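Undergrad: Quick one: sequence plus predicted model below, questions after.
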Amino acid sequence: MNVDKYQEICRSLPPHVQLIAVSKTKPESDIEAAYALGQRHFGENKAQELKKKYEDLPKDILWHFIGHLQTNKIKYIIPFVHLIHSIDSYKLLEEVNRQAEKHQRRVACLLQFHIATEETKFGFSWEECEEMLQQHDLHSLKNVEIVGVMGMASLTENRGQIHHEFATLHDYFTRLKTKYFTTQDSFKELSMGMTDDYPIAVEEGSTMIRVGSAIFGKRNYNLPVND
């Protein structure tokens with residue numbers, strides 16, 4: 001873990017921006033090192049890897065699920081997950097609601113939007129999201145709480161493009177708040193910004209940044225995970 005970089009990031013963030021330390025593929029010892037420095041919000045993208053880390057590590061850690069979530073994996077994280085960042089379909093919301101009801105929990109979720117140029121990234125278009133909201137009453141899902149939006153910018157050196165994509169997501173957030181979540185005070189989160197672009201995301205209104213490699217180094221994709 002790069003302690004100096006971690007502390008530099010923490011010092012640079014405004015008080016309203018939450019740092020989520022992305023610990024996916026990293027050993028539990030790295031999480032323990034960040035925890036010792038006061039970090040409590042961690043992000044994972046594999047349900048069963050997250051479940052194991054939850055079982056092994058301190059229970060006051062707030063776990064964020066930040067990857068593409070399959071419906072058959074939701075059951076592994078519902079008992080404890082703090083926030084799911086990657087809701088990209090009504091079917092997924094229904095299953096989160098169903099599993100959360102079993103555990104008598106209300107699970108916070110973000111609607112993920114596709115704002116990048118890469119087709120490989122997941123998320124709603126604005127039209128798809130609005131169609132879902134017009135067809136379904138999300139407030140009827142009593143065990144789910146939509147608290148904001150998430151998105152990932154394109155992997156590019158073009159700072160103007162990144163600014164534009166984050167500004168677009170901020171605009172989606174504002175439109176949703178105004179039209180569909182006016183009376184919901186908890187609808188306030190804008191999760192955008194990673195290691196290479198989080199300063200731009202903060203400028204564009206991010207309330208949560210997801211930083212991994214700057215803190216923990218390059219990811220180890222050879223870590224054995226049964227997921």
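TA: Sure, I can see it. Numbers count the residues shown, from 1 in each chain.
Undergrad: Torsion angles phi and psi at the residue nearest to the spatial centre of the chain?
TA: With distances taken as Cα atoms, centre = their mean, H85 lies nearest the centre of the chain, 3.2 Å away. As for H85, its main-chain torsions (degrees, to the nearest 10) stand at phi -90, psi -10.
Undergrad: for the lengthiest helix in the chain, packing partners?
TA: As assigned by DSSP state H, the longest helix anywhere in the chain is helix 159-179. If contacts are counted by 3 or more Cβ pairs under 8 Å, 6 or more residues apart in numbering; DSSP states H and E, helix 159-179 sits against strand 107-113, helix 126-135, strand 144-151, strand 189-191, helix 198-203. Every C-beta, even on glycine, is put in place using the N, C-alpha and C of the backbone.
Undergrad: Arrange these in TSV, one row each, with mean neighbour count and distance to G43 as further columns.
TA: Formatted as TSV, the helices and strands packed on helix 159-179 follow (neighbours: other Cβ atoms under 10 Å; distance: least, Cβ to Cβ, whole Å):
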stretch	mean neighbour count	distance to G43
strand 107-113	25	12
helix 126-135	14	22
strand 144-151	23	11
strand 189-191	24	10
helix 198-203	19	13
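Undergrad: among those, which is nearest K26?
TA: Of all the helices and strands packed on helix 159-179, it is helix 198-203 that lies closest to K26, at 18.2 Å by Cβ to Cβ.
Undergrad: Which residues does that closest one contact?
TA: By Cβ atoms under 8 Å, 6 or more residues apart in numbering, the surrounding residues in contact with helix 198-203 are 9, 12-14, 17, 153, 159, 162-163, 166, 192-194, 206, 209, 211.
Undergrad: repeat that for 10 Å
TA: With contact meaning Cβ atoms under 10 Å, 6 or more residues apart in numbering, helix 198-203 is reached by 9, 12-14, 16-17, 19, 151-153, 159-160, 162-163, 165-167, 169-170, 190-194, 206-211, 214.
Undergrad: sorry, back to before: measure the residue nearest to the centre of the chain to M152 for me?
TA: H85 is 10 Å from M152, where distance means Cβ to Cβ, to the nearest Å.
Undergrad: ok, and the closest non-adjacent residue to K177?
TA: Among residues not flanking K177 along the chain, F187 sits closest, at 5.7 Å (Cβ to Cβ, 6 or more residues apart in numbering).
Undergrad: still on that earlier bit, where's the residue nearest to the centre of the chain relative to E8, distance?
TA: 24 Å.
Undergrad: Can you classify L19 as helix, strand or coil?
TA: Here L19 is recorded as strand under DSSP: H, G, I helix; E, B strand; the rest coil.
Undergrad: no, scratch that, I was asking about Q184
TA: Classified using three-state DSSP, Q184 is coil.
Undergrad: For burial, what's the neighbour tally of it?
TA: 13 (other Cβ atoms under 10 Å).
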